[in-house]
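Chemist: Take a look and give me a structure for this.
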Amino acid sequence: NTAEVRGGEEYTIKYENEDFSDVAYGYRAGSLEASGAISILSSFVVDGRSYIVTKVDKYAFYQNKNITSVSIPETITDVEAYSFGFCDALKTVSLPETIINLGSGAFWCCSSLMSIKIPQGVPSISGGLLGHCKSLQSVEMHDGISSIGAHAFFYCTSLSAINIPSNVNDIGSEALAYCSKLESITIPAHFTGKLDKTLTGCSELSCIVVEDGNEIYDSRQDCNAIIEKTTDRLLIGCKNTVIPYGIVSIGESAFYRIQDLKSIVIPESVTSIERDAFFECRQLENVKLPGSLVKIVYNAFNFSGLKSVTIPANVKEIGANAFMSDILTSIVSLIEDPFATNAFGNMDGYTFNIYESATLFVPAGCKEKYESAQGWNQFRNIVEMGTTSILAEKTSGSANSKVEFSLSGQRMASAPRNGISIRNGKKYVVK
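Modeler: Residues are numbered from 1 along each chain as shown. Below you'll find the model as predicted:
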């Protein structure tokens, strides 16, 4: 049974007319007429009988574009999934302490919502609860919260700070991903759950701390990163991260799209750089890859800011698109036995073609190997290096070319005023 009632604006109430229940459940039933500031009824009367409203049903006000504020009475204990989803104009919501459940996506895509306080009776933050709330600046959570669901604060692009309650022991996938103004995060000592792309795309992060006493993670030596203790794997970094010696691998998406990351020193203990580790770090111009490095995975430096890179001799595997770039002009490979790779991607359709524009420098005596190795053989300019000179080029160039290279094979912007450089395969000394 349904009954039409009026509470500021007209909306529908679904109620149970049973001998043993006076409980009613408020919902919108697809109607979108409610607008402005509304107050959900705490009770109503039908046929002389009183009913108490205890729940805002799922999809109750879904996609209502006109509600600006909602006051929820203390009779309500349950706000169900997507009950206020896509309420674009909703700026404020008053949640009573009687609420014990906020369903998945209850406020998903409420793009005008600026702040929220989670009631004390709510034990966890459900998945997608406040995802895509792009105006959200303040979230107040109590210490009793034990988990934060996947995408709970996904794409909250105005959120600059958030306090993870001390009892949280589980954080779902991408819970805080793409909170592009988030500046700091502290992982509680008791947290032992997984961190699955939790902070991916948080480009303004400058301070990352793991509290002392955490059994699973640490931020050793004040490194501004989250490290998994048992594997020595750096999971999450930021623009101020200093990678400590002893780290074995840089995890998937660890520095994903961190736009202010300009340089990073990777210590000699690192053996692998995982998928998307430095994906689209467009200002990253300076990286020295360590001699200990063995594996560089798919998309590791895809469209980073690197203009030159030296690949260490011990590298045995480079994944597809690992160095795909529209600005990389100098690649020094110290690998003596090149393997097949699609590390530099397919440049079809791009104005900049790395295979035409970049120079590949290879060890002395290895040029023919590179000319035969899949992927490497696409480079038009392959230059063989010696200890003091560059020996040959794959294609002929102008005899009067004044392009200068350092002894390490890096293209120089202009001829040096002093020191040693290489031009057209010959060594020049300027005193």
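Chemist: Any stretches of this protein with poor pLDDT?
Modeler: Judged by pLDDT under 70, the chain has its weakly predicted residues at 1-33, 46-47, 347-349, 351, 387-431.
Chemist: Which residue ranges of it form helices?
Modeler: Per DSSP state H, the chain carries helices over the ranges 354-357, 367-372.
Chemist: Can you lay out the ones you listed as CSV showing distance to residue 246 and mean neighbour count?
Modeler: (Each C-beta comes from the backbone N, C-alpha and C, glycine too.) As requested, the helices of the chain are arranged in CSV below (distance: least, C-beta to C-beta, whole Å; neighbours: other C-beta atoms under 10 Å):
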stretch, distance to residue 246, mean neighbour count
helix 354-357, 34, 17
helix 367-372, 34, 15
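Chemist: Any chance of those helices in CSV with distance to residue 42 as columns?
Modeler: Output for the helices of the chain, formatted as CSV (distance: least, C-beta to C-beta, whole Å):
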stretch, distance to residue 42
helix 354-357, 66
helix 367-372, 77
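Chemist: Nearest to residue 311, out of these?
Modeler: With C-beta to C-beta as the criterion, residue 311 lies closest to helix 367-372 of those, at 11.8 Å.
Chemist: and the closest one, what does it pack onto?
Modeler: Packing contacts for helix 367-372, counted by 3 or more C-beta pairs under 8 Å, 6 or more residues apart in numbering; DSSP states H and E, involve strand 359-362, strand 381-385.
Chemist: Let me know which of the ones you listed is tucked in deepest.
Modeler: Stretch with highest mean neighbour count among those: strand 359-362 (a mean of 25; mean count of other C-beta atoms under 10 Å).
Chemist: Show me what it packs onto, helices and strands only.
Modeler: With 3+ C-beta pairs under 8 Å, 6+ apart as the test, strand 359-362 has strand 330-333, helix 367-372, strand 381-385 packed against it.
Chemist: change it to 7 Å
Modeler: For strand 359-362, the elements it packs on are strand 330-333, strand 381-385, judged by 3 or more C-beta pairs under 7 Å, 6 or more residues apart in numbering; DSSP states H and E.
Chemist: Adding distance to residue 73, write those strands out as TSV.
Modeler: TSV is the format used below for these (distance: least, C-beta to C-beta, whole Å):
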stretch	distance to residue 73
strand 330-333	66
strand 381-385	73
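Chemist: nearest to residue 165, of those?
Modeler: Per C-beta to C-beta, nearest to residue 165 of the helices and strands packed on strand 359-362: strand 330-333, 47.5 Å.
Chemist: okay, which residue is most central for the protein?
Modeler: What sits nearest the mean C-alpha location of the chain, by C-alpha atoms, centre = their mean, is residue 200, with 1.4 Å.
Chemist: Look up how far residue 246 lies from that one.
Modeler: 24 Å (C-beta to C-beta, to the nearest Å).
Chemist: what's the answer for residue 308, then?
Modeler: Residue 308 is 28 Å from residue 246, by C-beta to C-beta.
Chemist: again, but for residue 262
Modeler: On the measure of C-beta to C-beta, residue 262 and residue 246 end up 24 Å apart.
Chemist: which residue sits farthest out from the middle of the protein?
Modeler: Outermost residue of the chain (C-alpha atoms, centre = their mean): residue 48, 56.1 Å.
Chemist: Residue 53 contacts residue 42, doesn't it?
Modeler: Yes. Residue 53 is within contact range of residue 42, at 5.8 Å (criterion: C-beta atoms under 7 Å).
Chemist: before we move on, back to that, please name the nearest non-neighbouring residue to the residue nearest to the centre of the chain.
Modeler: residue 177 (4.4 Å; C-beta to C-beta, 6 or more residues apart in numbering).
Chemist: ok so, going back, and residue 308 and residue 246? Which one has more around it.
Modeler: Taking other C-beta atoms under 10 Å, residue 308 and residue 246 do not tie; residue 308 has more neighbours (21 against 12).
Chemist: what bridges to the more buried one?
Modeler: residue 330 (DSSP bridges).
Chemist: unless I'm mixing things up, it is touching residue 333, no?
Modeler: No. The pair residue 308 and residue 333 does not pass the contact test of C-beta under 7 Å, sitting 11.9 Å apart.
Chemist: one step back: list the residues that contact both of residue 53 and residue 42?
Modeler: residue 75 (C-beta atoms under 7 Å, 6 or more residues apart in numbering).
Chemist: okay, these two: which has more neighbours?
Modeler: residue 53 (24 against 16).
Chemist: Return the distance of the more buried one relative to residue 153.
Modeler: Distance from residue 53 to residue 153, by C-beta to C-beta: 29 Å.
Chemist: And residue 336, by the same measure?
Modeler: From residue 336 to residue 153 the distance is 49 Å (C-beta to C-beta).
Chemist: and those two? which has more neighbours close in?
Modeler: Neighbours per residue (other C-beta under 10 Å) separate residue 336 from residue 153, with residue 153 holding more: 25 against 12.
Chemist: right, so of the helices of the chain, which gets closest to residue 315?
Modeler: The nearest among these, by C-beta to C-beta, is helix 367-372 at 13.9 Å.
Chemist: ok, residue 199 touching residue 176?
Modeler: Yes. A contact is recorded between residue 199 and residue 176 when judged using C-beta under 7 Å, the distance being 5.5 Å.
Chemist: how about the strands in the stretch 201-350 of the chain?
Modeler: Applying DSSP state E, counting those that start in this stretch to the stretch 201-350 of the chain gives strands spanning 207-210, 217-218, 226-228, 233-236, 249-250, 263-265, 272-273, 286-288, 295-296, 308-311, 317-318, 330-333.
Chemist: Might you calculate how far the second one sits from the centre of the chain?
Modeler: Between the centre of strand 217-218 and the centre of its host chain there is 19 Å, according to C-alpha atoms, centre = their mean, to the nearest Å.
Chemist: by contact count, what packs against it?
Modeler: strand 226-228.
Chemist: Give the partner strands of the strand it packs on in its sheet and their orientations.
Modeler: In the sheet, strand 226-228 lines up with strand 217-218 (antiparallel), strand 233-236 (antiparallel) (DSSP bridges).
Chemist: So the residue nearest to residue 373 when sequence neighbours are not counted versus residue 355, what's the distance?
Modeler: Closest residue to residue 373 apart from its sequence neighbours, by C-beta to C-beta, 6+ apart: residue 338 at 4.0 Å. Per C-beta to C-beta, residue 338 is found 15 Å from residue 355.
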